[in-house]
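> just coords:
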């Protein structure tokens, strides 16, 4: 019974403290991206001298989309390898939304540090001509033969605009060949997003009340039980949908990023999908953190453990950061909000965390993906070490 109460409490917190606020911020950012479709990309292409600064802005956009669309520009030779690294260092992926909702000061601190580090690293890399001679390589994977059961994600409008590449080129063949099963497509494009946004709209006043008021998660009062039940239901629906859509590590891909920038409806659809993925990982993180506290004996014991092994936590955060995908990074950001890791570990993770952007790069150029990872680890280790020293002076 005690474990069920813990799961219930974590489920309520995941949706009300993170899910609702992330939904609003992610939707606003998505609609802004849609409205100003391709503006930063055009500025990057036209301004070769300052492209690293624009690449950092792309990376600093919360979510993975900014870094993802830099990949085809690099492959087609429109941006330098240094600019690619800049975008990858500055991006936090979907973990940015968790931090925005849970600790805005820490989020702004990470933006300033990772933005500065990303630009400086990109300049150094281009000065040294690192990565200049890497050639394109990609996997010749076969498209799923069950074409009748598949629906393409990149044919939503007649005037569909491709970002960083042209229709029918080799980049498009690699990045657009992954389709969605028909039943998943129907669920996401006709059912799920409508239910999701209705729940979010109804939950906005409840979420504010939950954050700024005091509530007993296991209260037996009728109002409180209904109140908490809505939040728990929201989390459960997110977990179920994430499982049905077969998402585990990756929250977004090039197809979905490009389709969001072509249609306001697709922005609504895929924002709901990404929030479900994000809430699922936040729930896992919060639950693991509570289990850890139970196991070690409470927050005081955790702080003592961090004081004794703090730098190992920084190393661990870097190792998590080099894992492709947003899932592990969301988990780490949520644990930071709960007080489980120091700021130095969060920043180190943010610098070497590429979000979902590493997937399309790996598909197009394995050597580039490997070199980007190395270029991320070095500044992450350096900055993480400096911050850790300052934390413990």
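It's in. Keep in mind the model is a prediction, meaning the values are calculated, not measured.
> pLDDT score assigned to residue 321?
At residue 321, the model reports a pLDDT of 90.
> oh, I was asking about residue 149
pLDDT, residue 149: 55.
> Where do the strands of the stretch 51-200 of the chain begin and end?
Ranges of strands in the stretch 51-200 of the chain, per DSSP state E, counting those that start in this stretch, are 150-151, 180-181.
> My guess is residue 106 contacts residue 99. True?
Yes - Residue 106 is in contact with residue 99 according to Cβ atoms under 8 Å; the separation is 6.0 Å. Yep, even glycine has a C-beta here, placed from its N, CA and C like the rest.
> between the two, who's got more neighbours?
More crowded of residue 106 and residue 99, by other Cβ atoms under 10 Å: residue 99, with 25 against 18.
> related to what we said a few turns ago, mutual contacts of residue 106 and residue 99, please.
Residues touching both residue 106 and residue 99 (Cβ atoms under 8 Å, 6 or more residues apart in numbering): 336, 346.
> packing partners for whichever strand or helix holds residue 229?
Using DSSP states H and E, residue 229 sits within helix 222-244. Other elements packing on helix 222-244 under the criterion 3 or more Cβ pairs under 8 Å, 6 or more residues apart in numbering; DSSP states H and E are helix 2-13, helix 193-212, helix 264-296.
> what mean pLDDT does the second one have?
So that's helix 193-212. Helix 193-212 comes out at a mean pLDDT of 84.
> and that helix, what does it pack onto?
Where contact means 3+ Cβ pairs under 8 Å, 6+ apart, helix 193-212 is packed against helix 20-35, helix 222-244, helix 264-296.
> Out of those, flag the one nearest residue 47.
helix 20-35 (19.7 Å; Cβ to Cβ).
> Residue 313 contacts residue 341, correct?
Yes - applying Cβ under 8 Å, one finds residue 313 in contact with residue 341, separated by 5.4 Å.
> Count the residues that sit near the spatially closest residue to residue 204 that is not a sequence neighbour.
Distances taken as Cβ to Cβ, 6 or more residues apart in numbering place residue 20 nearest to residue 204, at 6.1 Å, with adjacent residues excluded. Using other Cβ under 10 Å, residue 20 has 27 neighbouring residues.
> for residue 63, same thing?
Residue 63, neighbours per other Cβ under 10 Å, totals 29.
> Check what pLDDT it gets.
pLDDT, read off for residue 63, is 81.
> Over to residue 283?
91.
> Now do the contacts for it.
10-11, 14, 235, 238-239.
> what's the farthest-apart pair in these?
Spatial extent of the contacts of residue 283 (Cβ to Cβ) is set by the pair 10 and 238 at 12.8 Å.
> Neighbour count for the two, which is higher?
Per other Cβ under 10 Å, whichever of residue 10 and residue 238 has more neighbours is residue 238, with 28 against 22.
> ok, now how distant is the more buried one from residue 200?
Using Cβ to Cβ, to the nearest Å, we find residue 238 at a distance of 11 Å from residue 200.
> Over to residue 352?
As judged by Cβ to Cβ, residue 352 and residue 200 stand 32 Å apart.
> The two: who's more crowded?
Neighbours per residue, other Cβ under 10 Å: of residue 352 and residue 200, the larger number sits with residue 352, 29 against 22.
> who touches that one in this structure?
89, 318, 321-322, 373, 376-377, 379-380.
> before we move on, the earlier item: neighbouring contacts of the helix holding residue 229?
By Cβ under 8 Å, 6+ apart, the residues outside helix 222-244 that reach it are 8, 11-16, 19-20, 184, 187, 192, 195-196, 199-200, 202-203, 206-207, 209-210, 215-217, 219, 273, 275-277, 279-280, 283.
> List only those of these flagged as buried.
For the contacts of helix 222-244, a neighbour count by 16 or more other Cβ atoms under 10 Å gives the buried set as 8, 11-16, 19-20, 184, 187, 192, 196, 199-200, 203, 206-207, 210, 215, 217, 273, 275-277, 279-280, 283.
> ok, for the most centrally placed residue in the chain, nearest residue in space, not its chain neighbours?
Centroid-nearest residue in the chain: residue 94, 1.9 Å away (criterion: Cα atoms, centre = their mean). The shortest distance from residue 94 to any non-neighbouring residue, by Cβ to Cβ, 6+ apart, is to residue 326 (4.2 Å).
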